[in-house]
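Student: coords please:
(6 chains)
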Protein chains: 4
Amino acid sequence: MAERRRGAARSESARIAVLETTAALFAERGYDHLTIEGIAAEAGVAKQTIYRWWKSKSELVAECLFEGRLLPVDLVPPDSGDIRNDLTTWLDALFRFTDAPENGGLVRSLVIVAAENESVGRQLDASLGVSTLLTTRLGAATKAGDLPAGTPLKEVVDTLIGAVLVHVLQRTPAAPGAAKRLVSLLLP
Amino acid sequence: MAERRRGAARSESARIAVLETTAALFAERGYDHLTIEGIAAEAGVAKQTIYRWWKSKSELVAECLFEGRLLPVDLVPPDSGDIRNDLTTWLDALFRFTDAPENGGLVRSLVIVAAENESVGRQLDASLGVSTLLTTRLGAATKAGDLPAGTPLKEVVDTLIGAVLVHVLQRTPAAPGAAKRLVSLLLP
Amino acid sequence: MAERRRGAARSESARIAVLETTAALFAERGYDHLTIEGIAAEAGVAKQTIYRWWKSKSELVAECLFEGRLLPVDLVPPDSGDIRNDLTTWLDALFRFTDAPENGGLVRSLVIVAAENESVGRQLDASLGVSTLLTTRLGAATKAGDLPAGTPLKEVVDTLIGAVLVHVLQRTPAAPGAAKRLVSLLLP
Amino acid sequence: MAERRRGAARSESARIAVLETTAALFAERGYDHLTIEGIAAEAGVAKQTIYRWWKSKSELVAECLFEGRLLPVDLVPPDSGDIRNDLTTWLDALFRFTDAPENGGLVRSLVIVAAENESVGRQLDASLGVSTLLTTRLGAATKAGDLPAGTPLKEVVDTLIGAVLVHVLQRTPAAPGAAKRLVSLLLP
DNA sequence: ACTTAAGCGAGACGGTACGTCCCGTCTTAAG
DNA sequence: CTTAAGACGGGACGTACCGTCTCGCTTAAGT
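Tutor: Down below sits the predicted model:
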């Protein structure tokens, strides 16, 4: 059994307050106007409490992201049995989310975090909800004959995410039908 | 004739010194360790001279980028006559450039700038050298029958750029043959 | 005849504009919030025009002072024949002027100028209107027997000025009758 | 009992370092070449530490003055029993101090501070060492018959201080015997 | 129960950089 | 040769946060 060291245990309420405040301020002001000092003040927490448990601002945001506190939408791809349809639906939802003006800044901030924080970068796909899809559905679809053997699904998904990011960075709304067109091309 | 307003003209030497220093420090230390104060000191220029002509750090970097001072490689796609080959060559060069460890950070910094600065975001493709390709070769290739009419080449190129960005953010080197495979899929 | 050197003559209108603006801003904002740049802008004059003709801010203010543009009151002592009465009247006017809240700051600013600028310091008494009194009336009064021979009138006047300065610096209004009392003591 | 608020206590060593440095730089360079930045650097202290505890440069100097760090001489008037003698001695010391060329600038700087900072102005007399004299010796001397009842000693002292200030501002050394002459006149 | 170690809110501290103001000098075009 | 305009290198301003530290208090395990 794990030896609990002496002293007061970590305060869960402080942890929650910090993460909630971080998520709120991130959405409100963007990553680069986020300050540890501001979070501490707003969360009613001492700065030291933040520094004790998180190494950096980006790690703090990463934890928010991985706990699903940053992206308000449900980005898990559906499972209709038809993987092309599912991907299209998911990609389309992603396009529509990022094209909403109030979300563009949030996603761009997220891109900054991914660029600054390695673990956020590495888990970009998980953050956008396609991990299960990759690990569980690929085999099934291949076995069912939906996809030819050797389909680089990971590569396909990354490319779709890339398309979304480019639209976000270019501040250009996705063309109608773009989701379907892209999926059709990548999974012929 | 243009009326030159009175007073001393803008110092071109100061402008050059600032841009060169910015590019050097950007490559050396990354965007977020870049400071106006540091640039001014290193360039032998007063801070006010920077603030007089550039609104923000990102605008400064943007100007460097658009003047070709940031990306050392020659990213202009070749013109062999075969647009698929040309795209593959260009994309492969891009992959190889970003996969080099000393360049990954630079490109991630560039992504941050694109996220912070609208004009950099909007001109992502130009920055990566594919503007001409889009504006001049698309028509020619279509006329020659290389591409079916209605090929959304802009969309294709954006998707390729997106694939590069995702690899950069995920810190994953591109798989061998990825460039060729992607181009083949997107321009069947 | 004086050799006029070639080229444009000094612009009298610029000189006037500068001095008027200086006096206005000095009274309005105090000496330490006075800036050459602000004067130039407000006077519609180039900074260089100021620097060409005045060595420093304090010299500029000095010129205002010596031209009587700073102190709005008429501080010249009267000449009733009775030197004690005249001094009392003058000192009383000085006390009343400096005790007015809107003038206190102005006089304190003037003290600062006197402390910074040697020529203003040296001509403190002239600025406060007692030069003639010292140079012309002393002899007359002595001859008339109003003052005993050897009366150190310069010393007396300086002491009176000193009393005023101390009240100004202490932000204490002068006691009623202080002028008369002081003059009586110093010129028994 | 005094409620000590939480958080680290104010650092006394930082406070001392700041005041000592301020006094040193003030004496060395004068009030207007004194900069917060320079003090902070020289004292090995962060600028914010200064701004946290002092509102302005003049307040900083004021604290130095009230702690006796600015004026190196012992300006306390003696107590020989004869108040006229004591005043003369004190005034003479003051004249001699201010007439020394290395001290003139210091005292003129002090005048500037008195003009800028209300509390320094109000406590001019205390700063120059005559507070006790006023509060304790006046009554005693009056009782002993040394001074006629109703002697406005405060006014007398202010006038003496004023005489000193005028000499300082005029850059004129005091005439020999001036101290004795003035005291004799003011306290006949 | 007492000690001891850790967590916590608060906040002072040495620093770095910010963006602004103003300095005094220099450059340009007009008169 | 003066002037208005204004760019320039420089220095200081006062502010915002950084990440570390110290304080007095609370909490909980070990003795």
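
Student: A:Ala163: how many residues sit nearby?
Tutor: A:Ala163: 28 surrounding residues under other C-beta atoms under 10 Å in any protein chain shown. (Each C-beta comes from the backbone N, C-alpha and C, glycine too.)

Student: list the contacts for it?
Tutor: A:Leu91, A:Ala178, A:Leu182, B:Asp158, B:Thr159, B:Gly162 (C-beta atoms under 8 Å, 6 or more residues apart in numbering or on different chains).

Student: what of A:Asp74?
Tutor: Shown in contact with A:Asp74 (C-beta under 8 Å, 6+ apart): A:Gly129.

Student: residue closest to the middle of chain A?
Tutor: Note on chain A: the residue nearest the mean C-alpha position is A:Ser127, at 2.8 Å, using C-alpha atoms, centre = their mean.

Student: ok, the residue in chain A that chain D sits nearest to to B:Arg69 distance?
Tutor: In chain A, no residue comes nearer to chain D than A:Ala46, which is 9.6 Å away by C-beta to the nearest C-beta. Noted for A:Ala46: a distance of 44 Å to B:Arg69, by C-beta to C-beta, to the nearest Å.

Student: comparing those two, which residue is more hemmed in?
Tutor: B:Arg69 (18 against 13).

Student: ok, the lowest-mean-pLDDT helix or strand in chain A near chain B or not?
Tutor: Least confident helix or strand of chain A, by mean pLDDT, DSSP states H and E, is helix A:131-132 with a mean of 81. No - counting by C-beta under 8 Å from any C-beta of the partner chain, chain B is not contacted by helix A:131-132; separation bottoms out at 13.0 Å.

Student: what parts of chain A come near DNA strand F?
Tutor: A:3-4, A:6-9, A:33, A:35-38, A:47-48, A:51, A:56-57 (C-beta under 7 Å from any atom of the strand).

Student: farthest pair in those?
Tutor: A:Glu3 and A:His33 (41.9 Å; C-beta to C-beta).

Student: which one's more surrounded, those two?
Tutor: More neighbours surround A:His33 than the other of A:Glu3 and A:His33, with 11 against 5 (other C-beta under 10 Å).

Student: what about that one, distance to B:Trp54?
Tutor: Note on A:His33: its distance to B:Trp54, by C-beta to C-beta, is 20 Å.

Student: excluding chain neighbours, what is closest to the residue of chain A found nearest chain B?
Tutor: As assessed by C-beta to the nearest C-beta, chain B sits closest to A:Gly162 within chain A, at 2.5 Å. What sits nearest to A:Gly162 in space, not counting adjacent residues and going by C-beta to C-beta, 6 or more residues apart in numbering or on different chains, is B:Gly162, at 2.5 Å.

Student: what number of residues lie near the one you found?
Tutor: B:Gly162: 24 neighbours (other C-beta under 10 Å).

Student: OK, contacts around it?
Tutor: Contact analysis of B:Gly162 by C-beta under 8 Å, 6+ apart lists A:Thr159, A:Ile161, A:Gly162, A:Ala163, A:Val164, A:Leu165, A:Val166.

Student: what is the nearest of these to D:Lys154?
Tutor: The nearest member of the contacts of B:Gly162 to D:Lys154, counting by C-beta to C-beta, is A:Leu165 at 78.8 Å.

Student: quick one, what contacts that closest one?
Tutor: A:Leu165 neighbours (C-beta under 8 Å, 6+ apart): A:Val111, B:Gly162, B:Leu165, B:Val166, B:Leu169.

Student: likewise for A:Gly38?
Tutor: Here A:Gly38 is in contact with A:Leu25 (C-beta under 8 Å, 6+ apart).

Student: thinking again about what came up before, looking at the contacts of B:Gly162, which is nearest DNA strand E?
Tutor: A:Leu165 (26.2 Å; C-beta to the nearest atom of the strand).

Student: and the closest one, how far from chain C?
Tutor: 48 Å (C-beta to the nearest C-beta, to the nearest Å).

Student: give me the residue from chain A nearest DNA strand E.
Tutor: Taking C-beta to the nearest atom of the strand, DNA strand E has its nearest neighbour within chain A at A:Gly7, 2.3 Å off.

Student: what's the closest non-adjacent residue to the residue of chain A closest to chain D?
Tutor: In space, and not counting its chain neighbours, A:Ala46 is closest to A:Ala40: 6.4 Å by C-beta to C-beta, 6+ apart.

Student: chain A: helices as residue ranges?
Tutor: Ranges of helices within chain A are A:12-29, A:36-43, A:47-53, A:57-66, A:83-99, A:101-116, A:118-122, A:124-127, A:131-132, A:138-143, A:153-170, A:178-186, based on DSSP state H.

Student: most tightly packed of these?
Tutor: Among these, ranked by average contacts under mean count of other C-beta atoms under 10 Å in any protein chain shown, first place goes to helix A:153-170 (a mean of 24).

Student: break chain A down into its domains, please.
Tutor: Domains of chain A are assigned by automatic domain parsing as A:12-66, A:83-186.
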